[in-house]
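K.L.:
I need the structure of the sequence given here:
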Amino acid sequence: MNKLLNKRVLVTAGAQGIGLAISRHLLRAGCDVFVHYRSSADAARALGQEAVTLGRRSGSASADLTTTEECERLVAEAVAFLGGLDVLINNAGSLIARRSLAEADDDFWAETMSLNLGSLRRVTRAAVPHLAAAAKTGGGAAIVNLSSLAGRKGGHAGSLAYSTSKGAVLTFTRALSSELGPQGIRVNALAPGLILGTSFHNTHTSAESVRATVAGIPLGRGGNADDIARAAVFLASEFDGFITGATLDINGGVYCA
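P.N.:
The predicted model follows:
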C-alpha cells in the first residue's frame, strides 16, 4: 500500500534542482504538491502539466522567504490549494557566495542566516497548525529539512556562514522534533554531500574541486538530485512512523555519523 497516496505536500524551492526532483518523486508517489519558487515560474508551470499526466495536482506560488509576511502568505496559498497540509519539505537555501571570516561582514552573515535558517523557521511556524490538524486525522505529519554535509564537516573554503547555518538546521531539527512530537509531527533532516548537476555546484564549485572531492568518495561518484529525492520521499512517508529528530547523510560514504 502506498502510504503517500493523496498526501498534501508543500516544497520550498520546489521548481529547480534538488527541489524539483523531490517534487517530481512526490507526485509519482501519489502526492498532491504545492511548490514555492522565486524565479522558476516556467518550471513550476511545467511541473503542473507533469502532475496532470500522473493524475495528481500541482500548484505553485512565488514568495520571498526572508520575510514573515511572504512565508505566511505562501503557506496560506498552499493550504487553500491542497485543502490542508500533511508534509512540509524545507528545501530553500543557498551558499550565496564564498567568503572567509574576514570577508563576511554583518550584512552578508545576516543574509545567509535569514535565507538558510530563518526562512525554514518562518515557513515551519506558519505550517505547524495545519500539519497538527492533519496529524489528528491522518495518523501523523512530517517535516523534512534540507541541511548539508557542510553542516556536519564545516564545508570547503569560503563556506563558513553557509556551513554554520546548515549546522543550525540540524540542531533546529532535533529540537523541533521534541517540541512537535506530542502533536504527531515528525521532523527529520537530509544532509547531502556533493550533488552534481545542481545550480549550487555549477555556480560555486570548480571542476578541479569536483574532481578532488569525487576522488575521496568511497562510492567513487558524486550524487545526483534523484539520490536526494528518494530519501526525501522516504522520510515523508514516515509521517506515522517512529523516526524523528534524525539526519540521513547522503554523501557516498564521505561522512558517517
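
K.L.:
secondary structure class for the residue lying closest to Y162 once chain neighbours are set aside?
P.N.:
In space, and not counting its chain neighbours, Y162 is closest to L95: 4.6 Å by Cβ to Cβ, 6 or more residues apart in numbering. Using the backbone N, CA and C atoms, a C-beta is placed for each residue, glycine as well. Put simply, L95 is coil when judged by DSSP: H, G, I helix; E, B strand; the rest coil.

K.L.:
can you pull the contacts of L235?
P.N.:
Each residue near L235 by Cβ atoms under 8 Å, 6 or more residues apart in numbering is listed here: 142, 144, 188, 190, 243, 248.

K.L.:
One more: L115?
P.N.:
Taking Cβ under 8 Å, 6+ apart, we find L115 in contact with 65-66, 92-94, 96, 165.

K.L.:
For K7, see how far away it is.
P.N.:
Distance, L115 to K7, by Cβ to Cβ, to the nearest Å: 27 Å.

K.L.:
Which of the contacts of L235 ranks first by neighbour count?
P.N.:
A142 (29 neighbours; other Cβ atoms under 10 Å).

K.L.:
Can you say which helix or strand has that one in it?
P.N.:
strand 141-146 (DSSP states H and E).

K.L.:
Show me what that strand is packed up against.
P.N.:
Packing partners of strand 141-146 (3 or more Cβ pairs under 8 Å, 6 or more residues apart in numbering; DSSP states H and E): strand 87-90, helix 119-138, helix 160-180, strand 185-192, helix 225-237.

K.L.:
Single out the most deeply packed of the ones you listed.
P.N.:
Highest mean neighbour count among the helices and strands packed on strand 141-146 (mean count of other Cβ atoms under 10 Å): strand 87-90, with a mean of 29.

K.L.:
I'd like the distance from that one to the chain centre, please.
P.N.:
The gap between where strand 87-90 is centred and where its chain is centred comes out at 7 Å by Cα atoms, centre = their mean, to the nearest Å.
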